[in-house]
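J.: here is a sequence with its predicted model. Questions after.
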Amino acid sequence: MKEKANGAYFIDPHLEIKVEKISSGFVDDITHLTNSFIQSLQGDDDLVILAQQTSVTAQRWEELLLHATGGKLELQKCFFYMMYWKFSKEGVAQLLNKDEIQCEVKIRDSETGQEVLIEQQDCNEAHKTLGAMETPSGDHTREVARLREKARGIAQRISSATITRSEANIIYRSMYIPSIKKSFPAGVLSLKEAEQVQGAPIQALLSAMGYNPGMPRAIVFGPPESGGIGFRHLFAEQGTLKALTLIQQIRTDRSLGRAIQIQLRWAQRVAGVSSPILEETNLQLPQLHGQKWRGTMRDWVYGYVGSDAR
């Protein structure tokens with residue numbers, strides 16, 4: 001792939017940390033990346049050239065896959081996103097929608113010789129990545145809806161089953177929490193959204209365990225040593241997993257950890273403050289609006305207090 005694919009390149013504002021990546025994937029779910037990072041910062045990037053480079057990368061993968069495994073891409077199932085920012089007079093950034101982008105990505109089928117036009121998806125359109133519904137724009141509406149539907153399904157199965165209190169406890173720890181938290185390292189649930197997701201299953205579980213479903217949530221989520229039941233709040237669970245993932249990736253010096261460091265350093269630069277943005281979480285930073293992953297993590301550190309502006 002390195003022989004022909006352009007790949008993606010990122011660097012922090014201090015020119016100290018660099019990340020280069022062509023592809024990432026799990027089994028047969030592969031994502032290829034192409035960008036012009038330095039040119040974009042200088043305002044010299046070109047959508048047509050980016051589309052051409054994307055086509056070259058995709059074509060290279062199609063040829064290698066056919067040659068190495070004898071398999072072939074399902075070209076009708078392939079799609080691409082094109083992320084290109086436009087700025088208002090006030091400096092507000094917004095991604096172009098696909099109707100505003102006049103470019104095409106094509107792959108030639110190596111077996112038939114036929115050229116196939118690859119579908120472009122809008123940056124607000126979600127797709128499933130290892131279970132989670134992700135969008136380049138950061139719109140997580142579909143992911144919240146997916147988690148709420150999944151949680152309601154769990155609640156219905158618990159309510160309709162005849163189970164003992166002990167079995168309900170096992171279901172809570174071995175089925176409910178593990179299945180819901182799977183995507184939490186990349187999660188962007190706000191406190192309110194986390195409470196919406198956990199509402200139905202918590203009520204069903206409390207009833208199955210012999211508790212009053214209307215019990216004050218301070219007791220439900222309070223630690224047992226203080227007289228609480230010890231249920232785990234999803235917002236706290238998400239924040240913990242995000243922090244652990246961040247620390248693990250940075251300490252092991254993987255490409256994801258370096259990419260996170262690059263993103264944090266750019267965010268620190270944009271914030272324009274001297275104190276670390278993940279340490280001084282009481283600071284209001286409206287200039288970092290729309291960055292949900294880091295924003296919800298700051299809210300968790302601060303103690304579940306925050307707003308979309310942070």
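T.: Perfect, thanks for sending it.

J.: chain center to the helix or strand of the chain with the lowest mean pLDDT, what's the gap?
T.: Evaluated with mean pLDDT, DSSP states H and E, the helix-and-strand set of the chain has its lowest mean pLDDT in helix 37-41, which scores a mean of 78. For helix 37-41, the distance between its averaged C-alpha position and the chain's averaged C-alpha position is 23 Å (Cα atoms, centre = their mean, to the nearest Å).

J.: hang on, M1 packs against T57?
T.: Yes - under the criterion of Cβ atoms under 8 Å, M1 makes contact with T57 at 7.5 Å. From N, CA and C alone the C-beta is placed, and that goes for glycine too.

J.: rewinding a little: packing partners for the least confident helix or strand of the chain?
T.: Packing partners of helix 37-41 (3 or more Cβ pairs under 8 Å, 6 or more residues apart in numbering; DSSP states H and E): strand 8-11.

J.: which elements pack onto the strand it packs on?
T.: Helices and strands touching strand 8-11, by 3+ Cβ pairs under 8 Å, 6+ apart, are strand 18-21, helix 37-41, helix 255-271.

J.: partner strands of it, parallel or antiparallel?
T.: strand 18-21 (antiparallel) (DSSP bridges).

J.: quick one: average pLDDT of the partner strand?
T.: Strand 18-21 shows a mean pLDDT of 92.

J.: would you put the C-alpha positions of that strand in CSV?
T.: Coordinates of each C-alpha in strand 18-21 appear next as CSV, following Å, rounded to 0.1, in the frame of the first residue of the first chain:
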residue,chain,number,x,y,z
LYS,A,18,3.8,12.9,13.9
VAL,A,19,1.4,10.2,12.8
GLU,A,20,1.1,8.6,9.4
LYS,A,21,-1.6,6.1,8.6
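
J.: could you check the angle helix 255-271 makes with the helix or strand containing D299?
T.: Assigned by DSSP states H and E, D299 belongs to helix 292-302. Angle, helix 292-302 to helix 255-271, by axes from the mean of the first three to the mean of the last three Cα atoms, to 10 degrees: 80 degrees.

J.: and helix 292-302, what does it pack against?
T.: Helix 292-302 makes packing contacts with helix 234-251, helix 255-271 when contacts are defined by 3+ Cβ pairs under 8 Å, 6+ apart.

J.: redo these as CSV? Include distance to F10, mean neighbour count and mean pLDDT.
T.: Written out in CSV, the entries for the helices and strands packed on helix 292-302 read as follows (distance: least, Cβ to Cβ, whole Å; neighbours: other Cβ atoms under 10 Å; pLDDT from 0 to 100):
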stretch, distance to F10, mean neighbour count, mean pLDDT
helix 234-251, 15, 17, 93
helix 255-271, 5, 16, 92
